[in-house]
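In: any chance you could fold what I've pasted below:
(chains A and B)
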Amino acid sequence: MSMDRPRNEYPRPTTTVLETTTEGLLDGAKALLDAGHRLALVAAHDDLSSIRIVYVFTKGPPDERTELVVRLDPSRPLLPSLASVSFVASRFEREMKDLFGVELVDHPQPRHLVLHQHWPEGWYPMRRTAGAMPPVVANAESFPFIPVEGPGVYEIPVGPVHAGLIEPGHFRFFVVGETILRMKARLWFVHKGIERLMEGKTIDEGLEIAQRISGDTAVGHGLAYIMAVEEALGVETSGADCQVRAALLEMERLYNHVADLGALCNDVAFSIANARALTVRERLLRINAEITGHRLLRNGVVFGGSRVQRLATIEELNEIEHEVDELVAMVRSNALVIDRFAGTAVLSHDDAVEMGTLGVVARSSGRQFDARVAHPFTDMPADFALAGSSGGDVLARFDVRVEETRTSLACLRAWTRDGVGSQGRSTATLSAPRERTARSGLGIVEAWRGTIVHRVEFDGDGRLSRVKIVDPSWFNWPALPISLADTIIPDFPLANKSFNLSYAGNDL
Amino acid sequence: MNAAGISVWQIGSVAVQVALCVVGAPLLVGLMRTVRCRLEGRVGPPVRQTWRDLRKLLAKQRTQPEQSSFFFAVAPVVLVATTIVVIAFTPMVTTRTALLGGSDLFAIVFLLLLGSVSLALAALDTGTAFGGMGSSRLMAIVALAEPALLVAILALAAPVHSSSLPVIVAGSLHHPMWLATPQRLLAFGAFVIVILAESGRLPVDNPATHLELTMIHEALMLEYSGPDLAFVVLGESLRLTVLLALLSNLFFPWGIATALTGVSFVVAIAVLAAKVALLAVAVAAGEVAVAKLRLFRVPELLAGAFVLSVLAVLSALVIA
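Out: Residues are numbered from 1 along each chain as shown, chains lettered A, B, ... in the order given. Next up is the predicted model:
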């Protein structure tokens, strides 16, 4: 650690920890939600003597973090449901029921969420006493879909294996004619037990895993993880490194947004735009490969700092912007494409807020939330403005991605002019911290899909004892069926693409 | 024309155009794919790729969904057979075709429809959601496209007082001015829209998609594999070819052989191939510029085709 490094302008926000009881939980949560906090993460921990549940509420700006902690009896972990005040909480609760065996009191839908019907009943994989997994039993009947009945209603099952190169998920449509009455998405086909896998790992081993949670979000998840680790261990990162990290986040946003712009056009068979977008994406990936040595920007974020060969040059960024402008002009001038986008799969502002949506999806429905503003860790350029639209349709999500692409380019240009990356080329990895008490930390990052939150805990040996990962897709998946209210079946792939949610990040 | 008057050339012309179409149709689809790829800045597969795929499929084992009936296996054969009959009856190489009697435009339209309907029935036969979805969509489109096509035929048939194809083609060959008449131009518009819809091209259907929920034509073939799939693919490409050949000879008849000589036959074949290829390239190039319509907008497009064909008939009546 050199002494002359620039001081980080953003001192670590403190986290208020409030211990509460099962009786006081609902009131405590309600008070925080009413004060404008967002329930960002709920993590259960098996401490053997108790099941400890940590509710993380965040608010910003200014950056505020509050943890509500409640302890349950491990022999009978009864948890009062917060479903009456928070839809988001109700889903975290179902997750804890499946993985920790928490018994939910007054939950309106205490059904399976993470574990499908063939998982053995009464076996909770995240409990320390879980032991080896009992044999799975094929039992499709115990996990039925709620039927929709009436004259002319029929079901279309799609997936979990799809025709394209996409991840697995099962969609069950209930349809009259071409109009979708109801759609149920069943996910967690790629539940890999990542959180369990990270337990007992060292910081660097954990980073390797975090960068692979969702392949297209290596920086987002890697950074959220490492920021959580650094907070837990009290490690300060230099301001220069923070800016390099922010630049990596924007590079990741760029290549993903550009690919999405093309993919949206491809789904309405305007494939020339997709071909153009893919060439821009490829150009970005090649720049990425020169930045961190990996096309998907892995290994740029390291414990205590960042490690890059260089950052994108002004010329490269200008060229990319020029190509993006041409692409957008081509799409916007095609009336057929715009007709397909406009008015398709509208997610209302109220629904977007109620479901706790994040990222592009939220900002396209007029919900202006962005961790770059709410939980900043570095200076954004003076002219940084949040992209937003109130349309809530596919066109709004297209437009917001276009705007965010331009914002990312502007940020990167501003930082490059400031010389970011020149002094932060290779920060030495910090030696393991001296402090070796059990500690926890929170990492909040605005990745390209939306806000990622990681919460880590260390045991006394400096190894990870618990990592809780929340990808924005976790919040956004339930909003997708809601947006399909007036949508016809052949428009579903387009609607789905406009959300572009991660299965891997959701299923974990 | 009685049987005694049929020359070996006339029989030969039928054989030649059937052979030409069967060999050429997959190449035509390959050509369109390649053109589209190149215009989008991609390399794309070689033109002969469709044939390679067909050869691969033909060598595979037959499979059939468990609960489907014999019709599932019959439909691809019906599709190919009806389309080949249509090819035989269409005056492609010469107006003096051996099968003059049956070469009626109405008969040809309904033969093509027979192929579509049998494929739709086979898709229903599989009992899958996608099959039913595809069938219902295809039937909706066909129900809207056929009237437009039939009325457009009336506009072409009116000047020659016959719906016989060779007569219409010969008529426009003898009176080139007819080709520029309003009813011809309007009917041409209607024909083009209907052909795009019937052959599953953009902006009605996207032949390149993998998104099952958006499919129309592709949804019907989802359960087919191996040789059956090869027949369906061949049948669909034959249908596209014959529709484009019809379009070119009805509206641009130049080059078709009116005399039964070897030279005129060779010229006719070469010109036909060039015309059809040109139309296919035009369709492929047009596809690059458009997107797929929202499914509920397709009826509007087909209604447009119907209006064009009604206007064509009206102007034919006014001019007559």
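In: please enumerate the helices of the stretch 401-508 of chain A.
Out: For the stretch 401-508 of chain A, helices defined by DSSP state H, counting those that start in this stretch occupy the ranges A:472-476, A:479-483, A:492-499, A:504-507.
In: so for chain B, which of those sits nearest?
Out: Across those, chain B has its closest neighbour in helix A:492-499 (4.2 Å, Cβ to the nearest Cβ). The way it works is simple: take the backbone N, C-alpha and C, and place the C-beta from them, glycine included.
In: and the closest one with chain B, contact?
Out: Yes - applying Cβ under 8 Å from any Cβ of the partner chain, one finds helix A:492-499 touching chain B at A:492-493.
In: what helices or strands is that helix leaning on?
Out: In terms of contacts (3 or more Cβ pairs under 8 Å, 6 or more residues apart in numbering or on different chains; DSSP states H and E), helix A:492-499 is packed against helix A:239-267, helix A:394-417, helix A:479-483.
In: what are the buried residues along stretch A:53-70?
Out: A:53-60, A:63-68, A:70 (16 or more other Cβ atoms under 10 Å in any protein chain shown).
In: same check, this time on stretch B:255-269
Out: Going by neighbour count (16+ other Cβ under 10 Å), the buried part of stretch B:255-269 is B:255-258, B:264-265, B:268-269.
In: returning to what we had before: make a markdown table out of the helices and strands packed on helix A:492-499 and add distance to chain B and mean pLDDT.
Out: Formatted as a markdown table, the helices and strands packed on helix A:492-499 follow (distance: least, Cβ to the nearest Cβ, whole Å; pLDDT from 0 to 100):
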| stretch | distance to chain B | mean pLDDT |
| --- | --- | --- |
| helix A:239-267 | 7 | 93 |
| helix A:394-417 | 11 | 93 |
| helix A:479-483 | 14 | 93 |
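In: what about A:H257, how many residues close to it?
Out: The tally of other residues near A:H257 (other Cβ atoms under 10 Å in any protein chain shown) stands at 26.
In: ah, wrong one, I meant B:E300
Out: 11.
In: ditto for the one 10 residues further on
Out: Around B:V310 there are 18 other residues, counting by other Cβ under 10 Å.
In: doesn't B:L150 make contact with it?
Out: No - using Cβ atoms under 8 Å, B:V310 is not in contact with B:L150; the gap is 11.0 Å.
In: leaving out the residues flanking it, which one is nearest to A:T292?
Out: Once flanking residues are discounted, A:T292 sits nearest to A:G300: 3.7 Å by Cβ to Cβ, 6 or more residues apart in numbering or on different chains.
In: go on, B:R297?
Out: Distances taken as Cβ to Cβ, 6+ apart place A:D339 nearest to B:R297, at 7.3 Å, with adjacent residues excluded.
In: again, but for B:T258
Out: Among residues not flanking B:T258 along the chain, B:T95 sits closest, at 5.5 Å (Cβ to Cβ, 6+ apart).
In: now A:R372: closest residue in space, sequence neighbours ignored.
Out: Looking at A:R372 with Cβ to Cβ, 6+ apart, the closest residue is A:E446, at 4.5 Å.
In: on that earlier part again, pretty sure the residue nearest to B:T258 is touching B:A259, no?
Out: No - look at B:T95 against B:A259 with Cβ under 8 Å: they stay out of range, at 9.8 Å.
In: circling back: intersect the buried residues of stretch A:53-70 with the contacts of chain B.
Out: Near chain B, taking Cβ under 8 Å from any Cβ as the test, no member of the buried residues of stretch A:53-70 is found.
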